[in-house]
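[1] I'll drop the sequence and a predicted model, then ask my questions.
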Amino acid sequence: MEVLALIGSPRKQGNTDIMADEVLEGAKAMGATTSKVYLDDYNIRPIAEVADKIRKVRPPIYYWYKDYYSAIDSSHAFSEYSRRVFGKNLGQHGFSDLTQIHMMLGIVQLNASSSVLDAGCGSGKIAEYISDLTQASVTGIDYIPEAIIQAEKRTALKRDRLHFQVGDIETPVYDNESLDLILSIDSIYFSDPKAILACWKRLLKPMGRMAIFYLSMDGSDLSIPLREISLSYDTYDLSRQNWEHQQLKYTVASEMQEAFEIEGNSFVWENIMRESIHNQEAYDPTVSPMRRYLYIVKT
Ligand SMILES: C[S@@+](CC[C@H](N)C(=O)[O-])C[C@H]1O[C@@H](n2cnc3c(N)ncnc32)[C@H](O)[C@@H]1O
(Lines give C-alpha, C1' and ligand atoms only; values in the text may rest on other atoms or scores of the structure.)
Protein backbone atom coordinates (compact mmCIF):
# COMPACT_ATOMS: atom_id res chain seq x y z
CA MET A 1 0.00 0.00 0.00
CA GLU A 2 1.20 3.56 -0.80
CA VAL A 3 0.09 6.58 1.23
CA LEU A 4 0.67 10.12 -0.04
CA ALA A 5 0.13 13.14 2.26
CA LEU A 6 -0.63 16.41 0.44
CA ILE A 7 0.10 19.28 2.84
CA GLY A 8 -2.01 22.32 1.98
CA SER A 9 -0.81 24.46 4.88
CA PRO A 10 2.18 26.68 4.02
CA ARG A 11 3.65 26.13 7.54
CA LYS A 12 6.24 23.37 7.70
CA GLN A 13 6.21 21.70 11.11
CA GLY A 14 2.91 23.45 11.86
CA ASN A 15 -0.08 21.51 13.25
CA THR A 16 -1.16 20.09 9.86
CA ASP A 17 2.36 18.90 9.08
CA ILE A 18 2.81 17.30 12.51
CA MET A 19 -0.57 15.59 12.29
CA ALA A 20 0.24 14.27 8.80
CA ASP A 21 3.54 12.87 10.14
CA GLU A 22 1.62 10.97 12.82
CA VAL A 23 -0.71 9.47 10.21
CA LEU A 24 2.21 8.53 7.96
CA GLU A 25 4.07 6.93 10.90
CA GLY A 26 0.99 4.82 11.62
CA ALA A 27 0.67 3.85 7.96
CA LYS A 28 4.36 2.96 7.82
CA ALA A 29 4.00 0.78 10.92
CA MET A 30 1.29 -1.13 9.05
CA GLY A 31 3.64 -1.77 6.15
CA ALA A 32 2.73 1.08 3.79
CA THR A 33 5.17 3.10 1.70
CA THR A 34 4.69 6.75 2.53
CA SER A 35 5.55 10.11 0.97
CA LYS A 36 4.69 13.72 1.58
CA VAL A 37 4.29 16.73 -0.73
CA TYR A 38 4.10 20.37 0.39
CA LEU A 39 1.74 22.09 -2.06
CA ASP A 40 3.30 25.42 -1.10
CA ASP A 41 6.55 24.32 -2.80
CA TYR A 42 4.77 24.39 -6.17
CA ASN A 43 3.57 27.36 -8.16
CA ILE A 44 -0.18 26.84 -7.73
CA ARG A 45 -0.99 30.28 -6.21
CA PRO A 46 -4.46 30.59 -7.79
CA ILE A 47 -5.53 27.88 -5.32
CA ALA A 48 -4.97 30.28 -2.42
CA GLU A 49 -7.40 32.73 -4.02
CA VAL A 50 -10.01 30.02 -4.54
CA ALA A 51 -9.51 28.86 -0.94
CA ASP A 52 -10.16 32.41 0.30
CA LYS A 53 -13.39 32.57 -1.66
CA ILE A 54 -14.50 29.18 -0.34
CA ARG A 55 -13.74 30.28 3.22
CA LYS A 56 -16.02 33.30 2.71
CA VAL A 57 -18.91 31.26 1.31
CA ARG A 58 -18.35 28.26 3.60
CA PRO A 59 -16.92 29.66 6.84
CA PRO A 60 -16.21 27.10 9.61
CA ILE A 61 -19.52 27.85 11.36
CA TYR A 62 -21.42 27.09 8.12
CA TYR A 63 -21.32 23.35 8.72
CA TRP A 64 -22.70 23.60 12.24
CA TYR A 65 -25.47 26.05 11.35
CA LYS A 66 -26.49 24.03 8.27
CA ASP A 67 -27.17 21.01 10.53
CA TYR A 68 -28.77 23.19 13.21
CA TYR A 69 -31.33 24.91 10.95
CA SER A 70 -32.12 21.63 9.16
CA ALA A 71 -32.69 19.84 12.49
CA ILE A 72 -34.83 22.44 14.25
CA ASP A 73 -37.11 22.93 11.24
CA SER A 74 -38.89 19.64 11.92
CA SER A 75 -38.05 19.15 15.61
CA HIS A 76 -41.02 18.86 17.98
CA ALA A 77 -38.61 19.06 20.92
CA PHE A 78 -37.19 22.37 19.69
CA SER A 79 -40.66 23.72 19.01
CA GLU A 80 -41.76 22.96 22.58
CA TYR A 81 -38.46 24.18 24.07
CA SER A 82 -38.52 27.49 22.22
CA ARG A 83 -42.18 28.10 23.06
CA ARG A 84 -41.32 27.73 26.76
CA VAL A 85 -38.03 29.67 26.63
CA PHE A 86 -38.63 32.35 23.96
CA GLY A 87 -42.44 32.61 24.14
CA LYS A 88 -42.79 31.37 20.53
CA ASN A 89 -40.91 29.09 18.16
CA LEU A 90 -39.17 31.55 15.85
CA GLY A 91 -36.31 29.17 15.02
CA GLN A 92 -34.06 31.11 17.35
CA HIS A 93 -30.41 30.59 17.87
CA GLY A 94 -29.91 33.61 20.02
CA PHE A 95 -30.94 35.16 23.30
CA SER A 96 -33.82 37.46 22.37
CA ASP A 97 -37.17 36.25 23.57
CA LEU A 98 -40.50 37.79 22.58
CA THR A 99 -40.29 40.33 25.41
CA GLN A 100 -37.01 41.69 24.05
CA ILE A 101 -38.27 41.74 20.47
CA HIS A 102 -41.42 43.63 21.49
CA MET A 103 -39.38 46.05 23.57
CA MET A 104 -37.23 46.81 20.50
CA LEU A 105 -40.32 47.19 18.29
CA GLY A 106 -41.79 49.62 20.83
CA ILE A 107 -38.70 51.81 20.39
CA VAL A 108 -38.27 51.69 16.62
CA GLN A 109 -42.00 51.92 15.67
CA LEU A 110 -42.11 50.26 12.25
CA ASN A 111 -44.99 50.53 9.78
CA ALA A 112 -45.96 49.50 6.23
CA SER A 113 -43.60 52.06 4.70
CA SER A 114 -40.56 50.90 6.71
CA SER A 115 -37.71 49.11 5.01
CA VAL A 116 -35.84 46.69 7.28
CA LEU A 117 -32.81 44.43 6.95
CA ASP A 118 -32.53 41.49 9.39
CA ALA A 119 -28.79 40.76 9.30
CA GLY A 120 -28.10 37.14 10.29
CA CYS A 121 -31.76 36.13 10.05
CA GLY A 122 -31.27 32.36 10.23
CA SER A 123 -34.44 30.70 8.92
CA GLY A 124 -36.19 34.07 8.92
CA LYS A 125 -39.02 33.44 11.37
CA ILE A 126 -38.16 36.53 13.43
CA ALA A 127 -38.14 38.64 10.25
CA GLU A 128 -41.49 37.15 9.26
CA TYR A 129 -42.96 37.73 12.74
CA ILE A 130 -41.90 41.39 12.66
CA SER A 131 -43.26 41.94 9.16
CA ASP A 132 -46.57 40.22 10.02
CA LEU A 133 -46.96 42.48 13.07
CA THR A 134 -45.95 45.79 11.51
CA GLN A 135 -46.47 45.22 7.75
CA ALA A 136 -42.90 46.51 7.25
CA SER A 137 -40.90 45.29 4.25
CA VAL A 138 -38.24 43.04 5.72
CA THR A 139 -35.30 41.40 3.97
CA GLY A 140 -33.44 38.70 5.83
CA ILE A 141 -29.87 37.86 4.95
CA ASP A 142 -27.80 34.94 6.16
CA TYR A 143 -24.99 32.87 4.71
CA ILE A 144 -26.60 29.50 5.42
CA PRO A 145 -28.40 28.57 2.17
CA GLU A 146 -30.42 25.81 3.88
CA ALA A 147 -31.90 28.39 6.29
CA ILE A 148 -32.71 30.86 3.52
CA ILE A 149 -34.38 28.16 1.40
CA GLN A 150 -36.66 27.33 4.36
CA ALA A 151 -37.48 31.04 4.77
CA GLU A 152 -38.26 31.52 1.09
CA LYS A 153 -40.54 28.46 0.89
CA ARG A 154 -42.40 29.38 4.06
CA THR A 155 -43.05 32.98 3.03
CA ALA A 156 -43.77 32.51 -0.70
CA LEU A 157 -47.21 34.12 -0.31
CA LYS A 158 -45.80 37.18 1.47
CA ARG A 159 -43.28 38.18 -1.22
CA ASP A 160 -44.76 41.71 -1.37
CA ARG A 161 -43.13 42.46 2.00
CA LEU A 162 -40.67 39.62 2.78
CA HIS A 163 -37.45 38.75 0.96
CA PHE A 164 -34.51 36.55 1.81
CA GLN A 165 -30.98 36.42 0.45
CA VAL A 166 -28.02 34.15 0.91
CA GLY A 167 -25.21 36.59 1.56
CA ASP A 168 -22.61 38.06 3.85
CA ILE A 169 -23.88 40.59 6.37
CA GLU A 170 -20.50 42.32 6.14
CA THR A 171 -21.24 43.25 2.53
CA PRO A 172 -25.00 43.20 1.93
CA VAL A 173 -25.97 44.12 -1.62
CA TYR A 174 -28.08 47.17 -0.89
CA ASP A 175 -28.23 50.76 -2.11
CA ASN A 176 -26.73 53.38 0.16
CA GLU A 177 -29.27 55.29 2.29
CA SER A 178 -32.07 52.82 1.53
CA LEU A 179 -32.96 51.30 4.92
CA ASP A 180 -34.96 52.54 7.91
CA LEU A 181 -33.72 49.82 10.23
CA ILE A 182 -30.94 47.25 10.35
CA LEU A 183 -31.68 44.58 12.92
CA SER A 184 -28.96 42.32 14.27
CA ILE A 185 -29.91 39.73 16.86
CA ASP A 186 -26.75 38.00 18.04
CA SER A 187 -25.18 38.06 14.58
CA ILE A 188 -22.34 40.54 14.89
CA TYR A 189 -19.91 38.36 16.87
CA PHE A 190 -18.48 36.56 13.86
CA SER A 191 -17.24 39.70 12.09
CA ASP A 192 -15.06 42.76 12.70
CA PRO A 193 -17.63 45.03 14.42
CA LYS A 194 -16.07 48.28 13.24
CA ALA A 195 -16.06 47.21 9.57
CA ILE A 196 -19.60 45.89 9.74
CA LEU A 197 -20.99 48.96 11.53
CA ALA A 198 -19.29 51.29 8.99
CA CYS A 199 -20.89 49.33 6.15
CA TRP A 200 -24.34 49.33 7.77
CA LYS A 201 -24.08 53.07 8.46
CA ARG A 202 -23.82 53.72 4.70
CA LEU A 203 -27.00 51.71 4.03
CA LEU A 204 -29.20 53.66 6.44
CA LYS A 205 -31.48 56.51 5.39
CA PRO A 206 -30.68 59.86 7.09
CA MET A 207 -33.04 59.13 10.03
CA GLY A 208 -32.41 55.37 9.90
CA ARG A 209 -31.39 53.27 12.88
CA MET A 210 -29.78 50.00 13.84
CA ALA A 211 -31.13 47.74 16.59
CA ILE A 212 -28.32 45.49 17.76
CA PHE A 213 -28.75 42.84 20.43
CA TYR A 214 -25.31 42.08 21.80
CA LEU A 215 -24.17 39.58 24.43
CA SER A 216 -20.75 39.75 26.03
CA MET A 217 -19.40 37.15 28.45
CA ASP A 218 -16.33 39.24 29.39
CA GLY A 219 -17.85 42.69 29.91
CA SER A 220 -16.79 44.04 26.50
CA ASP A 221 -19.26 46.12 24.50
CA LEU A 222 -19.72 47.94 21.20
CA SER A 223 -19.09 51.45 22.54
CA ILE A 224 -15.56 51.74 21.07
CA PRO A 225 -16.35 50.74 17.46
CA LEU A 226 -19.56 52.82 17.57
CA ARG A 227 -17.69 55.93 18.70
CA GLU A 228 -14.83 55.32 16.28
CA ILE A 229 -17.21 55.66 13.36
CA SER A 230 -19.11 58.57 14.93
CA LEU A 231 -22.39 56.80 15.55
CA SER A 232 -24.55 57.96 18.45
CA TYR A 233 -26.64 55.42 20.29
CA ASP A 234 -28.86 54.61 23.26
CA THR A 235 -28.09 51.54 25.32
CA TYR A 236 -30.66 49.33 27.03
CA ASP A 237 -29.19 47.02 29.64
CA LEU A 238 -30.76 43.54 29.35
CA SER A 239 -28.18 41.73 31.48
CA ARG A 240 -30.51 40.70 34.30
CA GLN A 241 -33.19 39.51 31.86
CA ASN A 242 -30.54 37.58 29.97
CA TRP A 243 -29.30 35.91 33.15
CA GLU A 244 -32.84 34.75 33.87
CA HIS A 245 -33.27 33.68 30.24
CA GLN A 246 -30.13 31.53 30.43
CA GLN A 247 -31.34 30.03 33.73
CA LEU A 248 -34.68 29.20 32.11
CA LYS A 249 -32.82 27.57 29.21
CA TYR A 250 -31.15 25.27 31.72
CA THR A 251 -34.38 24.35 33.51
CA VAL A 252 -36.36 23.65 30.35
CA ALA A 253 -33.55 21.85 28.50
CA SER A 254 -32.84 19.66 31.54
CA GLU A 255 -36.46 18.50 31.47
CA MET A 256 -36.35 17.91 27.72
CA GLN A 257 -33.09 16.01 27.20
CA GLU A 258 -34.86 12.77 26.31
CA ALA A 259 -37.17 14.44 23.80
CA PHE A 260 -34.15 15.82 21.89
CA GLU A 261 -32.34 12.47 22.14
CA ILE A 262 -35.26 10.47 20.75
CA GLU A 263 -35.28 12.72 17.68
CA GLY A 264 -31.52 12.29 17.21
CA ASN A 265 -31.04 15.98 17.99
CA SER A 266 -28.72 15.68 20.98
CA PHE A 267 -26.30 18.18 19.39
CA VAL A 268 -29.03 20.84 19.56
CA TRP A 269 -29.66 20.01 23.21
CA GLU A 270 -25.93 20.12 24.02
CA ASN A 271 -25.66 23.54 22.40
CA ILE A 272 -28.59 24.82 24.46
CA MET A 273 -26.93 23.52 27.62
CA ARG A 274 -23.69 25.34 26.71
CA GLU A 275 -25.70 28.55 26.39
CA SER A 276 -27.47 28.11 29.71
CA ILE A 277 -26.68 29.08 33.30
CA HIS A 278 -26.81 26.28 35.84
CA ASN A 279 -26.82 28.11 39.14
CA GLN A 280 -30.08 29.52 40.43
CA GLU A 281 -28.63 32.62 42.11
CA ALA A 282 -29.87 36.09 41.23
CA TYR A 283 -27.89 38.18 38.75
CA ASP A 284 -25.13 40.20 40.38
CA PRO A 285 -23.20 42.48 37.98
CA THR A 286 -20.35 42.78 40.50
CA VAL A 287 -19.82 39.02 40.32
CA SER A 288 -20.69 38.15 36.71
CA PRO A 289 -19.00 39.97 33.80
CA MET A 290 -21.84 38.85 31.50
CA ARG A 291 -23.64 41.81 29.89
CA ARG A 292 -26.41 41.98 27.33
CA TYR A 293 -27.34 45.22 25.63
CA LEU A 294 -29.73 46.43 23.03
CA TYR A 295 -28.09 49.26 21.12
CA ILE A 296 -30.36 51.62 19.24
CA VAL A 297 -27.91 53.30 16.90
CA LYS A 298 -28.71 56.54 15.10
CA THR A 299 -27.10 57.97 11.98
C1 LIG B 1 -26.56 33.35 16.81
S2 LIG B 1 -27.40 33.17 15.27
C3 LIG B 1 -28.75 34.30 15.48
C4 LIG B 1 -29.86 34.01 14.51
C5 LIG B 1 -31.11 34.87 14.69
N6 LIG B 1 -30.82 36.28 14.52
C7 LIG B 1 -31.72 34.62 16.05
O8 LIG B 1 -31.77 35.55 16.88
O9 LIG B 1 -32.17 33.52 16.30
C10 LIG B 1 -26.31 34.07 14.18
C11 LIG B 1 -26.74 33.99 12.71
O12 LIG B 1 -25.94 34.93 11.98
C13 LIG B 1 -25.49 34.33 10.78
N14 LIG B 1 -24.24 35.00 10.41
C15 LIG B 1 -23.16 35.23 11.19
N16 LIG B 1 -22.22 35.90 10.51
C17 LIG B 1 -22.71 36.10 9.24
C18 LIG B 1 -22.21 36.72 8.07
N19 LIG B 1 -21.01 37.30 8.03
N20 LIG B 1 -23.00 36.77 6.99
C21 LIG B 1 -24.23 36.19 7.00
N22 LIG B 1 -24.78 35.58 8.07
C23 LIG B 1 -24.01 35.53 9.19
C24 LIG B 1 -25.33 32.85 11.13
O25 LIG B 1 -25.38 32.05 9.98
C26 LIG B 1 -26.51 32.64 12.07
O27 LIG B 1 -27.67 32.25 11.35
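    Everything's here; your move. Residues are numbered from 1 along each chain as shown.
[2] for the closest residue to residue 231 other than its chain neighbours, give the beta-bridge partners.
    Leaving aside its sequence neighbours, residue 231 sits nearest to residue 297 (C-beta to C-beta, 6 or more residues apart in numbering; 5.2 Å). Every residue, glycine included, has its C-beta placed from N, CA and C. Assessed by DSSP bridges, residue 297 has beta-bridge partners residue 210, residue 233.
[3] pretty sure residue 297 contacts residue 230?
    No: using C-beta atoms under 8 Å, residue 297 makes no contact with residue 230, being 11.0 Å away.
[4] more neighbours, these two?
    residue 297 (23 against 9; other C-beta atoms under 10 Å).
[5] residues in contact with the more buried one?
    Taking C-beta atoms under 8 Å, 6 or more residues apart in numbering as the definition of contact, the neighbours of residue 297 are 197, 209, 210, 211, 212, 226, 231, 232, 233.
[6] next, work out how far apart it and residue 36 are.
    With the distance defined as C-beta to C-beta, to the nearest Å, residue 297 ends up 52 Å from residue 36.
[7] and for residue 184?
    Computed with C-beta to C-beta, the distance linking residue 184 and residue 36 is 45 Å.
[8] between the two, which one's more packed in?
    Here residue 184 and residue 36 are set side by side on neighbour count (other C-beta under 10 Å), and the busier one is residue 184, at 25 against 14.
[9] you'd agree that one is in a strand?
    Yes: checked against DSSP: H, G, I helix; E, B strand; the rest coil, residue 184 lies within a strand.
[10] in this protein, which spans are strands?
    Using DSSP state E, the strands found in the chain span residues 2-7, 33-38, 115-119, 137-142, 162-166, 179-185, 204-216, 232-237, 291-298.
[11] can you check the pLDDT for residue 175?
    Residue 175 is assigned a pLDDT of 90 by the prediction.
[12] list the contacts of the closest residue to residue 200 other than its chain neighbours.
    Spatial nearest neighbour of residue 200, chain neighbours left out: residue 182 (4.9 Å); criterion: C-beta to C-beta, 6+ apart. Contacts of residue 182 were listed using C-beta under 8 Å, 6+ apart, and they are 116, 117, 119, 200, 203, 204, 208, 209, 210, 211.
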